[in-house]
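Participant: one predicted model, sequence on top.
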Amino acid sequence: MKGAVKEVLDAHERLLIDQAIAKHGNRPGALLGILEAVQSANAHKYLSMVSLRYIADETGVPPARIYSAATFYALFNLDPQGDNVVCVCRGTACHTRGSRDLLEKLCLDLGLSEHEAGETGEADKLALTTPDHKFTVRTVACFGQCALAPVVEVNHHILSHVNERTLQREVKALTKNGGGGK
Amino acid sequence: MSNPLPNKTISVRIDGELVTAHEGQTILEAARANGKQIPTLCYLKGLSAVGACRVCVVELAGTDRLLPACTTPIQDGMSIKTTSAKLTLYRRMAVELLLVERNHICSSCVSNSHCELQSMAQSLGITHVRYSYNNPRLQVDMSHPRFVLDHNRCILCTRCVRVCAEVEGANVWEVASRGIYSRIVSDLKDDWGHAHNCTGCGKCVQACPTGALAEKGQSVHEMVKQGDAVTRLATQRAGQASGAH
């Protein structure tokens, strides 16, 4: 089985994982650093099952513990992410300033269903990706920018006092540019 | 685990009675050593204590907070109450919330009448649940040749996680996700039957307090667990480990 794992994982990605493991060594708590490095090196910013299995094989950390850590932290994605990440704040201040409507409108525009996430879809940790992998819509509990509510983060850039029209314009601009998000 | 130095004897009050305990013991261990019963659910002797179920809470004189007996170290001069109306209220609430979270239907359960959750509910006098049920749609993993995992009956006590890591050393089980989405998973959420680490020893099944982990081929109320076998094994192993020094 170990051989089969290495067949699926391409050489470049395996090298990146090896480097991450070598960098963080065997000190306690290294797992989070390794997972973070592997995810950010990935083209679609996610942790594939083969890479998790490879990390387990190489570090000797039980696979169940790796899966547990990867699912506990909202930072880690187990599914490929879109080129552009739009993150809608669902904190109290943003909620009272209409972030639910923003989220619903955004999902509608991108053809995503808030309810399609199914059993694993967590209301507090929404992450939906369009089928063409152009956009990922996420929610977050709070950005700490409540005075600017409602807040939407587009490709790690915070937009304040967002309304449906500004958000729509932003999404349209990204669609036109073909998505150069990082 | 066992301290080579003889532990200092301390005196504490449990339910008004003056008893002796040893330093380093938890409240639960001291109480049980003195014949006092404190109900537990996630605690299994021989495994590490996590204080997850909150059924073993006790009252300590001088503080308003209830303390979990399984993880609180006992100290000289403590005065502890193991039964009171307040404790029953909180214990009942803890068990009711466990019942609400999954689909616990005793009449169709392999562990009916041998279930620690069921007997706990009965002993606390829970005749009905005051909260609304979550009714989640959950899977049953039948992929293992000998055992079944039914998430509907799991209370996330993590006894299986601990027995697998601490006694068997296979680390098959872990809790994935968070909050009400927490699930017991084997390896990378693989089907149990395809979990490479699993040795098929069945200790998790014996440690499980409910019918969540069961042997295949058991019908309603046929699954009798041997949690004490796990305790015996763990104690023997701890004894061997300390004797090797």
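Facilitator: Looks like it arrived, so ask away. Numbers count the residues shown, from 1 in each chain, chains lettered A, B, ... in the order given.
Participant: could you measure the residue most central in space within chain A against residue A:89, distance?
Facilitator: Residue closest to the average C-alpha location in chain A (C-alpha atoms, centre = their mean): residue A:77, at 4.8 Å. Applying C-beta to C-beta, to the nearest Å, the value for residue A:77 to residue A:89 is 19 Å. Where C-beta positions appear, they are placed from N, C-alpha and C, glycine not excepted.
Participant: residue B:143 now?
Facilitator: On the measure of C-beta to C-beta, residue B:143 and residue A:89 end up 41 Å apart.
Participant: with residue A:101 instead?
Facilitator: For residue A:101, the distance to residue A:89 equals 13 Å [C-beta to C-beta].
Participant: mind checking the SS state of residue B:111?
Facilitator: coil (DSSP: H, G, I helix; E, B strand; the rest coil).
Participant: over to it: give its phi and psi.
Facilitator: Backbone torsions for residue B:111, taken as degrees, to the nearest 10, come to phi -100, psi 10.
Participant: what's near enough to touch it?
Facilitator: Listed by C-beta atoms under 8 Å, 6 or more residues apart in numbering or on different chains, the contact set of residue B:111 reads B:118, B:153, B:210, B:211, B:214, B:221, B:223, B:225.
Participant: pLDDT check: weakest of the residues you listed?
Facilitator: Among the contacts of residue B:111, residue B:221 carries the weakest pLDDT, at 86.
Participant: doesn't residue B:108 make contact with that residue?
Facilitator: No - look at residue B:221 against residue B:108 with C-beta atoms under 8 Å: they stay out of range, at 9.9 Å.
Participant: compare the two (neighbour count), which wins?
Facilitator: Under the criterion of other C-beta atoms under 10 Å in any protein chain shown, the comparison of residue B:221 against residue B:108 puts residue B:221 first, with 18 against 10.
Participant: pull up the gap between that one and chain A, please.
Facilitator: In this view, residue B:221 and chain A are 29 Å apart by C-beta to the nearest C-beta, to the nearest Å.
Participant: wait, a strand at the residue nearest to the centre of chain A?
Facilitator: No - if the criterion is three-state DSSP, then residue A:77 is coil and not within a strand.
Participant: ok, and the closest non-adjacent residue to it?
Facilitator: Leaving aside its chain neighbours, residue A:77 sits nearest to residue A:46 (4.1 Å; criterion: C-beta to C-beta, 6 or more residues apart in numbering or on different chains).
Participant: residues contacting the one you found?
Facilitator: With C-beta under 8 Å, 6+ apart, residue A:46 has these contacts: A:39, A:77, A:78, A:79, A:80, A:81.
Participant: helix, strand or coil for the closest residue to the fourth one other than its chain neighbours?
Facilitator: Once flanking residues are discounted, residue A:79 sits nearest to residue A:46: 5.8 Å by C-beta to C-beta, 6+ apart. For residue A:46, the secondary-structure state derived from three-state DSSP is coil.
Participant: just residue A:87 next, same as before
Facilitator: strand.
Participant: do I have it right that it meets residue A:141?
Facilitator: No - counting by C-beta under 8 Å, residue A:87 stays clear of residue A:141, with 10.9 Å between them.
Participant: picking up where we left off before, any quick ChimeraX command for the buried ones out of the contacts of residue A:46?
Facilitator: In ChimeraX, a selection of the buried entries from these looks like this (16 or more other C-beta atoms under 10 Å in any protein chain shown):
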select /A:39,77,78,81
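Participant: what sits against the nearest residue to residue B:186 once chain neighbours are set aside?
Facilitator: Spatially, and ignoring its direct neighbours in sequence, residue B:186 is nearest to residue B:195 (4.0 Å; C-beta to C-beta, 6+ apart). With C-beta under 8 Å, 6+ apart as the criterion, the residues that contact residue B:195 are B:172, B:186, B:187.
Participant: any chance of those in TSV, with pLDDT too?
Facilitator: Listed next are the contacts of residue B:195 as TSV, based on pLDDT from 0 to 100:
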residue	pLDDT
B:172	95
B:186	94
B:187	91
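Participant: okay, domains of chain B per the record?
Facilitator: B:9-83, B:88-222 (automatic domain parsing).
Participant: turn the ones you listed into CSV, including distance to residue A:159.
Facilitator: As requested, these are exported to CSV (distance: least, C-beta to C-beta, whole Å):
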stretch, distance to residue A:159
domain B:9-83, 41
domain B:88-222, 28
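Participant: what's the closest of the ones you listed to residue A:133?
Facilitator: Smallest distance to residue A:133 across the domains of chain B (C-beta to C-beta): 22.9 Å, for domain B:88-222.
Participant: any weak-confidence spans in chain B?
Facilitator: Applying pLDDT under 70 to chain B picks out residues B:1-6, B:244-245.
Participant: tell me which parts of it are close to chain A?
Facilitator: B:136-138, B:165, B:171-179, B:181, B:185-190, B:196-197 (C-beta under 8 Å from any C-beta of the partner chain).
Participant: so for chain B, the centremost residue is which one?
Facilitator: residue B:42 (1.7 Å).
Participant: distance check, that one against chain A.
Facilitator: Taking C-beta to the nearest C-beta, one finds residue B:42 at 17 Å from chain A.
Participant: ok, residue B:208 - contacts?
Facilitator: Residue B:208 makes contact with B:159, B:160, B:214, B:225, according to C-beta under 8 Å, 6+ apart.
Participant: how does it look with 6 Å?
Facilitator: Residues near residue B:208 by C-beta atoms under 6 Å, 6 or more residues apart in numbering or on different chains: residue B:160.
Participant: tell me the mean pLDDT over the host helix or strand of residue A:94?
Facilitator: According to DSSP states H and E, residue A:94 maps onto helix A:92-96. Helix A:92-96 carries an average pLDDT of 92.
Participant: what mean pLDDT does the helix or strand just after that helix have?
Facilitator: Next helix or strand after helix A:92-96 toward the C-terminus (DSSP H and E): helix A:99-110. Looking at helix A:99-110 alone, the average pLDDT works out to 89.
Participant: after helix A:99-110, which helix or strand is next?
Facilitator: strand A:127-129.
Participant: following element in sequence after that following strand, please.
Facilitator: As assigned by DSSP H and E, the chain's next helix or strand after strand A:127-129 is strand A:135-140.
Participant: output the contacting helices and strands for that following strand.
Facilitator: Strand A:135-140 makes packing contacts with strand A:84-89, strand A:127-129 when contacts are defined by 3 or more C-beta pairs under 6 Å, 6 or more residues apart in numbering or on different chains; DSSP states H and E.
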